[in-house]
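Peer 1: Sharing a model prediction with you, sequence too.
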Amino acid sequence: MPNLNGTRTVNILNPRLIALDRGVSIGLRRPRLSLSSFPSSYLRDMVHYSILPADLTARIPQEIFDHIIVAAPSKPTLESFSLVCSSWASTSRTRLFETVKLSKKFIHRMDEDAGASRHILPCVRNAHIFRMHASERPGSERCRDRLRILSKMTGLRAMTLKECSAWFVRLLGESLERGNNSDTISTLVLEGNVDFPSFTEFQETIAMFSGLRHLSLLTVHPGVAPADKHVGPTTSSVSPTIPVPPKLRSVTFMFCTSLHQMISWFFGSTKFLEIPLLDLAEIGVLAQTKHTRIERLSLGLFYDPPRGSLEKLLSGWDCLNTLDSGPIYLSSRLGIHCSYNDLSGDQSLPVTPWYSQMLLSITSCLSRLNFKLVGTEEPDGGLHRMDWATLDSLLDTSPFYRNLEVLQIGIVDFPITLADVERSVRPRLPGLRSSTRLEVVWISGEYGISV
C-alpha cells in the first residue's frame, strides 16, 4: 500500500516479515509485538522504510544472507528463513539439520520422502544414536536402518552413541572402513555403560575411527566385567601394536574404568586432556603417570580428596602450559570440595586447599591459568575464603609462573559485578606481574563444568 510520498511501505514490526529477492515481501507469522512497546520516534520513522528495488537485492552477495541466516536465534526463525527462496532454504537446512537424533520416526520420514532425504541427510554433521543394546543382533532391522541412513550422511563429522553396546560401536567403525569413510568422523562421544570385553578390543574399535580429533568417554568400561566397574588397573593389558588415531588431539574421561591403560595408550599423541570429575583412584593414576606431550589439562570437580593426595599431581607434566582448574566452592558448607579431609582425624593440623596443593605441584612453565569460583551470598561472594596467599607467592617467586600470560577467574553465582570482583582480587595478588593479564568472566552452565 503506497504512503503519502508514493513509496510502498513494509510492516517491519514483524521480525518474520522478510524482503525476498525480486522485491516481493511476505508475512510468515503474525506480529506478536505491541505498538505501545515502541517509542513514538521509531513509529514515525517506520513509514519511510520501503522494499529494496529488485535490481539492488539481486546485487547483494549470497554470503551476506548466509551470515544473517547462520546468526538466527531460534529454530522457528530458521524455519521461516527456509521458506523464502531456494538459496535461503539451502543455508537454513544446514543449520536446522546440523544435529539429528536417529529415531524410528526420523528414519521412517526419510524413507517415505525421497526428496526430504536427498536434501536433509547431506546437511547432517552430528548424529545421535540411542540405546542399541547388546540384546540387539547385528543383523536386526534397527541396526540395518541406522547404518543405511548413516551411509547417506555425506557431511557427517561427529557421532554421539548413548547406551549403545560395544559391538554396535565396532560395527559402525567397520562400516566406515568398508565405505572408505573412516577418516571423516572427527568427534566421537561414547556415553552410558559401554562395556568392552577387553582393552585390546577397545583399542581396535577406537583405531577404526582414523580421523578422530576429539574423543569423549563417559562411563566406558574396557576389559572390566559389568559387576566390577571400578576405576583402576585391570587384567587387560595395552597392545603396543594398535595405533592411536593419528589426528587425536583431545580426550575427555568421566567415570571410566581402566584409566591407567587409557592414559598409557592415548597420551603418546593427544595434547589436551579433560576430566570433569576426579575421585581418589583417578587422582592416584594421574599422580603416578609421567606425561610428556599434554599441553592443556582441564580438571573438574575433585570428589573429597584426602590430605596430601595432590602434592605430586602435576609434577610429571613437562609440556603443560594451560591449566583449567575448578570448580572451587567458596561456601564453608561445602568444605569437602574446598579443602582436604583429614583422614588421621587430627583437626590441629593446618588445612591446605586442594587447589593450592595442585598449583604447588606444577613443574612446567604455565602460560595460562583458568579458575572457576562458585560464590556465596556474602557481600564479596566468598572471595575472602580463597587461599590467595599461596597463589600470590607462586606468581611472585616461582619460575614456573614467571611467563604466565593470562590469569582468568571465571565466576558462578556471585552477587557482585565483574568489576567488583576484579577490584577485590587485585589487592590480594601484589605479586601479579605486569606482563600477566587478569581476566574476570562469567561462567555459564551448572557449576561451571563443561562436559
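Peer 2: Nice, thanks for sending it over. Numbers count the residues shown, from 1 in each chain.

Peer 1: Show me the chain divided up by domain.
Peer 2: The chain breaks down by automatic domain parsing into domains covering 1-60, 97-229+242-256, 271-451.

Peer 1: Residue 262 is nearest to which of those domains?
Peer 2: domain 97-229+242-256 (6.7 Å; C-beta to C-beta). Yep, even glycine has a C-beta here, placed from its N, CA and C like the rest.

Peer 1: first vs last residue of the closest one, how far apart are they?
Peer 2: 31 Å (C-alpha to C-alpha, to the nearest Å).

Peer 1: low pLDDT regions in the stretch 351-451 of the chain?
Peer 2: Counting by pLDDT under 70, the stretch 351-451 of the chain contains low-confidence ranges at 351, 445-451.

Peer 1: Could I get the full set of strands for it?
Peer 2: 368-374, 406-412, 437-442 (DSSP state E, counting those that start in this stretch).

Peer 1: Just name the most buried of the ones you listed.
Peer 2: Most buried of those, by mean neighbour count (mean count of other C-beta atoms under 10 Å): strand 368-374, with a mean of 22.

Peer 1: Also compute the angle for that strand relative to strand 437-442, please.
Peer 2: Taking axes from the mean of the first three to the mean of the last three C-alpha atoms, to 10 degrees, one finds strand 368-374 and strand 437-442 inclined to each other by 30 degrees.

Peer 1: can you map out the strands along this protein?
Peer 2: 17-19, 25-27, 99-101, 126-130, 158-162, 187-196, 214-222, 250-254, 272-278, 296-302, 322-329, 368-374, 406-412, 437-442 (DSSP state E).

Peer 1: picking that back up, tell me which of the strands of the stretch 351-451 of the chain lies nearest to residue 93.
Peer 2: strand 437-442 (33.4 Å).

Peer 1: outside of the closest one, which residues touch it?
Peer 2: For strand 437-442, the external contacting residues (C-beta atoms under 8 Å, 6 or more residues apart in numbering) are 405-412, 418, 421-422, 425-426, 429, 432.

Peer 1: Alpha carbons of that strand, as PDB, please.
Peer 2: Taking C-alpha atoms only, strand 437-442 is exported to PDB below (Å, rounded to 0.1, in the frame of the first residue of the first chain):
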ATOM      1  CA  ARG A 437      46.700 -10.200  32.100                       C
ATOM      2  CA  LEU A 438      44.000 -10.700  34.700                       C
ATOM      3  CA  GLU A 439      40.600 -11.600  33.300                       C
ATOM      4  CA  VAL A 440      37.400 -11.900  35.200                       C
ATOM      5  CA  VAL A 441      34.500 -13.500  33.300                       C
ATOM      6  CA  TRP A 442      31.100 -15.100  33.900                       C
END
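
Peer 1: what angle sits between it and strand 406-412?
Peer 2: 20 degrees.

Peer 1: quick one on the thing from earlier: now render the strands of the stretch 351-451 of the chain as a markdown table, adding distance to residue 190.
Peer 2: Converted to a markdown table, those look like this (distance: least, C-beta to C-beta, whole Å):
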| stretch | distance to residue 190 |
| --- | --- |
| strand 368-374 | 26 |
| strand 406-412 | 28 |
| strand 437-442 | 31 |
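
Peer 1: nearest to residue 361, of these?
Peer 2: Comparing the strands of the stretch 351-451 of the chain by C-beta to C-beta, strand 368-374 comes nearest, at 13.4 Å.

Peer 1: From the contact counts, what lies against the closest one?
Peer 2: strand 322-329, strand 406-412 (3 or more C-beta pairs under 8 Å, 6 or more residues apart in numbering; DSSP states H and E).

Peer 1: just to revisit the earlier point, mind giving me JSON lines with the strands of the chain and columns for distance to residue 57?
Peer 2: What follows is the strands of the chain, written out as JSON lines (distance: least, C-beta to C-beta, whole Å):
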{"stretch": "strand 17-19", "distance to residue 57": "7"}
{"stretch": "strand 25-27", "distance to residue 57": "11"}
{"stretch": "strand 99-101", "distance to residue 57": "32"}
{"stretch": "strand 126-130", "distance to residue 57": "34"}
{"stretch": "strand 158-162", "distance to residue 57": "36"}
{"stretch": "strand 187-196", "distance to residue 57": "38"}
{"stretch": "strand 214-222", "distance to residue 57": "41"}
{"stretch": "strand 250-254", "distance to residue 57": "44"}
{"stretch": "strand 272-278", "distance to residue 57": "45"}
{"stretch": "strand 296-302", "distance to residue 57": "47"}
{"stretch": "strand 322-329", "distance to residue 57": "47"}
{"stretch": "strand 368-374", "distance to residue 57": "46"}
{"stretch": "strand 406-412", "distance to residue 57": "44"}
{"stretch": "strand 437-442", "distance to residue 57": "40"}
